[in-house]
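> Here you go, sequence then predicted model.
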Amino acid sequence: MCESSYPMISVEKAIEIILHHVRPLAPVALDFMNALGFVLAEDIYASEPMPPFAASAVDGYAVIAADEEPTRHLIGEQPAGTMGPFTVVPGSAVRVMTGAPIPTGADAVVMVEHTSLEDNGRVRLHIQPVAGDNIRPVGQDLAAGQLVLPRGISLGAPEIGLLATIGRTCVSVYPRPRVAVLSTGDELVDPRDQPGPGQIRDANRYSLLSAVREAGGQPLDWGRIPDRPEAVREALESALRQADAVLTSGGVSMGDLDLIKPYLAARGTVHFGRVRARPGKPVTFATVDGVPVFAMPGFPVSALVSFEIYVRPALLKMAGHTHLHRPRRRVIIEHTIRHEPDRTEFQRAVVTRRVDGRYTARTTGYQGSGRLLSMVGANALIVLPAEQETFLAGSELEAWLIAPVYDETTPAGS
């Protein structure tokens, strides 16, 4: 038998090697309204306090708290967005709106609900205020010089709002990695075409393009490549010039037309070429001129599961994220599971959180590497360790959660 020259390494070692060789991409400057979902590449500080002036937190009347008179003479109205010429003295009050500056001399605001207007131009207070009531002091939300957003945070709606608040309309972020995705094989045809004898539709490229997008990358469709050395070389060379990472499917086994590994070995450094895992034994990782190349097997499930395990964390790191891995849970399996114990296996499963707080799991049926249907509806990969063949119902295993887990009482899709 023809045996691969690449040693078989563990899943953990493969992940360690990949993350050692990938780096966050060089930051770019973006307008803050185009930065949603990106990771911040700089610390952001407030240049001024917020609010920059003492402001009313309610609609009401600005008064002097120590003044014990129940009625006050109304000397004017202070709307938000303006600074009036009013000075509050004992016996007087100014009508203020939410967000309006506090007039000079006032130290409390009485909510309009706790007052009543009288016919003589006076306002009656139904409560005795305390100094500071309903006033937002200078810098209550943000102090000048305060760290507002730390480097490494993902920019969501609240973060974009904070940037607007402090006037930071241009920020430095890590770009989304551009990932060239290509599939190899003379047997592949476009999904829009009717396969001929011995042909199949190309599913891998489209699932991997989608997986790249789901992981926050920028997918670049590099097309189907025939099993010819010159075609493989030309496609990979152009991808290496234009992408931040390259993702291939097919051509990594031991056949005469498996051309990806030989090219990578000749052109760059193959860091590993086999992993002790099922599916995905022939997964290959290389770097060429500093560009990471992930070579996935040709079976659809092997390609997608391998992407989840090895490629997704790498793309997240390239995009500046620090939390790279899926959450993991201990789950109780609902039925007996058997597998070939020569490798660690990742079986597709549905995990449910029961009413008693326990997590249980059931597989999605036949787990063949070509059965893409086994991925549909799965929210977890159950890890079946090597060296053990049978796991009885009720056994506890580790699950990598790849989608939301629903409660037992929550209908899926609701």
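Done, it's in. Numbering: from 1, shown residues only.
> Nearest spatial neighbour of residue 258, chain-adjacent residues omitted?
The shortest distance from residue 258 to any non-neighbouring residue, by Cβ to Cβ, 6 or more residues apart in numbering, is to residue 251 (4.8 Å). Where C-beta positions appear, they are placed from N, C-alpha and C, glycine not excepted.
> residue contacts, that neighbour?
184, 185, 227, 232, 257, 258, 259, 260, 261, 295, 298 (Cβ atoms under 8 Å, 6 or more residues apart in numbering).
> Which among those count as buried?
Buried subset of these (neighbour count, 16 or more other Cβ atoms under 10 Å): 184, 185, 227, 232, 258, 259, 260, 261, 295, 298.
> tell me which of the residues you listed is nearest to residue 86?
Of all the buried ones among the contacts of residue 251, residue 295 has the smallest distance to residue 86: 73.4 Å, by Cβ to Cβ.
> where does that closest one land in three-state SS?
Classification of residue 295 using DSSP: H, G, I helix; E, B strand; the rest coil returns strand.
> gap between it and residue 322?
The spacing between residue 295 and residue 322, counted by Cβ to Cβ, to the nearest Å, is 27 Å.
> Against the centre of the chain, work out the most remote residue.
What lies farthest from the middle of the chain is residue 120; by Cα atoms, centre = their mean that is 61.2 Å.
> Confirm that that residue sits in a helix.
No. Counting by three-state DSSP, one finds residue 120 to be coil, located in no helix.
> Now it: phi and psi?
phi -90, psi 20 (degrees, to the nearest 10).
> Which pLDDT value belongs to it?
Model confidence at residue 120, given as pLDDT, is 88.
> Point out the least confident member of the contacts of residue 251, please.
Across the contacts of residue 251, the member with the lowest pLDDT is residue 257, scoring 53.
> Under a three-state scheme, what state does the residue nearest to residue 259 when sequence neighbours are not counted occupy?
Setting aside the residues directly before and after it, residue 259 is nearest to residue 232 in space (Cβ to Cβ, 6+ apart), at 4.7 Å. The assignment at residue 232 comes out as helix when based on three-state DSSP.
> does residue 232 really touch residue 224, like I thought?
No. Using Cβ atoms under 8 Å, residue 232 is not in contact with residue 224, being 11.5 Å away.
> And the contacts of residue 251, which is closest to residue 11?
Taking Cβ to Cβ as the measure, residue 295 is the one of the contacts of residue 251 closest to residue 11, at 16.2 Å.
> ranges for the helices of the stretch 1-150 of the chain?
Remark: helices assigned in the stretch 1-150 of the chain by DSSP state H, counting those that start in this stretch are 11-21.
> OK, contacts around the closest residue to residue 191 other than its chain neighbours?
Nearest non-adjacent residue to residue 191, counting by Cβ to Cβ, 6+ apart: residue 201, 4.8 Å away. Contacts for residue 201 were tallied using Cβ under 8 Å, 6+ apart; they are 188, 189, 190, 191, 193, 195.
> Do you know the pLDDT at the second one?
What the model reports for residue 189 is a pLDDT of 84.
> doesn't residue 203 make contact with it?
No. Applying Cβ under 8 Å as the test, residue 189 and residue 203 come out as separate, 10.9 Å apart.
> Kind regards, and thank you for your time.
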